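Engineer: A structural model of the following input is requested.
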Amino acid sequence: MSPPAFGQESVGFTLDSGGDLSAFLDCHEAASQTLISAHRGGPSAGLPENAIETMDAILTAYPVIMEVDIARTADGTHALMHDRTLDRTTTGTGNIYERDWQYVSGLHLTDSSGWVTPYRVPTLAMALEWARGRTILQLDFKRSADLAEVAQLVRDAGMEQQVILIAYTIEQAQELHVLLPEAMISFSIQQLERLEEAEAAGLPADRIVAFTGTRIPRPELYAALDAMDVEVIFGTLGRPPRSIDSMIERFGTDERYVELGEGGVDILATDRPRDAARALREAGRMPEIGLCGVNGPLED
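Structural biologist: Okay, the predicted model is just below:
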């Protein structure tokens, strides 16, 4: 099924935080449900990364949250783009931060095989508009992104309680918390001392989502973080063939996604969101319609 054009009403799932994203995450944890974060919006054949149409397509099938990348053009437009250059994912060339929006907006997105799709690079404002009342966005800031400008775009869209802001240092997390104190912030916590540093820096525990790496699951750390009311993200994503996603696919062991959820992972960041969702659904760990702000599929 082709995804609807941007601006049309989609038929699918919605995830509504109800104005309190921390409580939304707590509810899913209490219900033993594992949330999936679709890395780069969940691309697949014919559906490019960081595209609204791609996210719309996966949300038609499964209730997932979306991780997207934010970069800034030369004239100040924030767009969804992972790479520093436009070459891999679009029909354009050059550094995105050296191109103006007029140039970038005229490009087509390409999928992982290089096929030119009919889809265009979306602005962050477009993505926020699409996601409002529909799902949660994880925002990954590239070096060209301006944190204050992104924070204002989030506020303008009324999305403060529907975003998770990804920080790479405590200093960046502090800055984001000052700019958007209502928002949840994710950054690396692979030992409890790191959480203590964050709290000492003024970051409330109920605003933190702990990113616990992409290599070795650590249930004992997850349990300790859970006791402190801190949600856990673990990534199975990464470059093949060494990522956990790649190994799960190679050996046909999708049940590993279920084991990670049972071991204390609240949000599973993955390059295989559809496969992970099927495994979790079969095990009864997928978010359910009517519970914790999950609704749909909508009727035509």
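Engineer: now this protein, which segments are flagged as low pLDDT?
Structural biologist: Along the chain, the model assigns pLDDT under 70 to residues 1-11, 298-300.
Engineer: Let's check: the centremost residue of it is which one?
Structural biologist: Nearest to the geometric centre of the chain sits E67, at 2.0 Å (Cα atoms, centre = their mean).
Engineer: What sits closest to it if chain neighbours are left out?
Structural biologist: Q138 (4.0 Å; Cβ to Cβ, 6 or more residues apart in numbering). (C-beta placed from N, C-alpha, C; glycine too.)
Engineer: What does that neighbour show for phi and psi?
Structural biologist: Q138 adopts backbone torsions of phi -100, psi 130, taken as degrees, to the nearest 10.
Engineer: Mind jotting down where the strands sit in the stretch 101-250 of the chain?
Structural biologist: 108-110, 116-120, 137-141, 163-166, 184-188, 208-211, 231-235 (DSSP state E, counting those that start in this stretch).
Engineer: Reformat these as a markdown table; add distance to L221 and mean neighbour count.
Structural biologist: Below are the strands of the stretch 101-250 of the chain laid out as a markdown table (distance: least, Cβ to Cβ, whole Å; neighbours: other Cβ atoms under 10 Å):
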| stretch | distance to L221 | mean neighbour count |
| --- | --- | --- |
| strand 108-110 | 37 | 20 |
| strand 116-120 | 39 | 16 |
| strand 137-141 | 20 | 24 |
| strand 163-166 | 19 | 24 |
| strand 184-188 | 12 | 22 |
| strand 208-211 | 8 | 25 |
| strand 231-235 | 8 | 25 |
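Engineer: Out of those strands, flag the one nearest H39.
Structural biologist: H39 lies closest to strand 231-235 among the strands of the stretch 101-250 of the chain, at 7.7 Å (Cβ to Cβ).
Engineer: Counting neighbours, what do you get for R242?
Structural biologist: A count of nearby residues for R242, using other Cβ atoms under 10 Å, gives 11.
Engineer: Quick check: buried residues in stretch 239-258?
Structural biologist: Within stretch 239-258, the residues that qualify as buried are 243-246, 248-249, 254, 256-258, counting by 16 or more other Cβ atoms under 10 Å.
Engineer: export those to CSV and tack on distance to Q152?
Structural biologist: Output for the buried residues of stretch 239-258, formatted as CSV (distance: Cβ to Cβ, whole Å):
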residue, distance to Q152
S243, 35
I244, 36
D245, 34
S246, 38
I248, 39
E249, 40
D254, 41
R256, 40
Y257, 36
V258, 40
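Engineer: Identify, from the residues you listed, the entry nearest to A30.
Structural biologist: Nearest to A30 out of these is V258 (Cβ to Cβ; 18.0 Å).
Engineer: Run through the helices of the stretch 201-300 of the chain in chain order.
Structural biologist: Taking DSSP state H, counting those that start in this stretch as the criterion, the stretch 201-300 of the chain carries its helices at 219-227, 244-251, 255-262, 273-282.
Engineer: Run the angle between the longest one and helix 244-251 for me.
Structural biologist: Regarding helix 273-282 and helix 244-251, their directions subtend 70 degrees when assessed with axes from the mean of the first three to the mean of the last three Cα atoms, to 10 degrees.
Engineer: re earlier: ok, the residue nearest to the centre of the chain touching T135?
Structural biologist: No: applying Cβ atoms under 8 Å as the test, E67 and T135 come out as separate, 10.9 Å apart.
Engineer: For stretch 80-92, buried residues please.
Structural biologist: Result for stretch 80-92 [16+ other Cβ under 10 Å]: buried residues 80-86, 89-90, 92.
Engineer: What of stretch 114-131?
Structural biologist: 117, 119-124, 126-131.
Engineer: Among those residues, which pair sits farthest apart?
Structural biologist: T117 and L128 (21.8 Å).
Engineer: still on that earlier bit, could you tell me which residues make contact with the residue nearest to the centre of the chain?
Structural biologist: By Cβ atoms under 8 Å, 6 or more residues apart in numbering, E67 lies in contact with 37-41, 137-138, 140, 166, 269.
Engineer: Tell me the one of the residues you listed nearest D20?
Structural biologist: Looking across the contacts of E67 and measuring by Cβ to Cβ, the closest to D20 is L137, at 16.3 Å.
Engineer: what bridges to that closest one?
Structural biologist: Beta-bridge partners of L137, counted by DSSP bridges, are M66, V163.
Engineer: Need the residues touching each of E67 and T135.
Structural biologist: In contact with both E67 and T135: no residue, using Cβ under 8 Å, 6+ apart.
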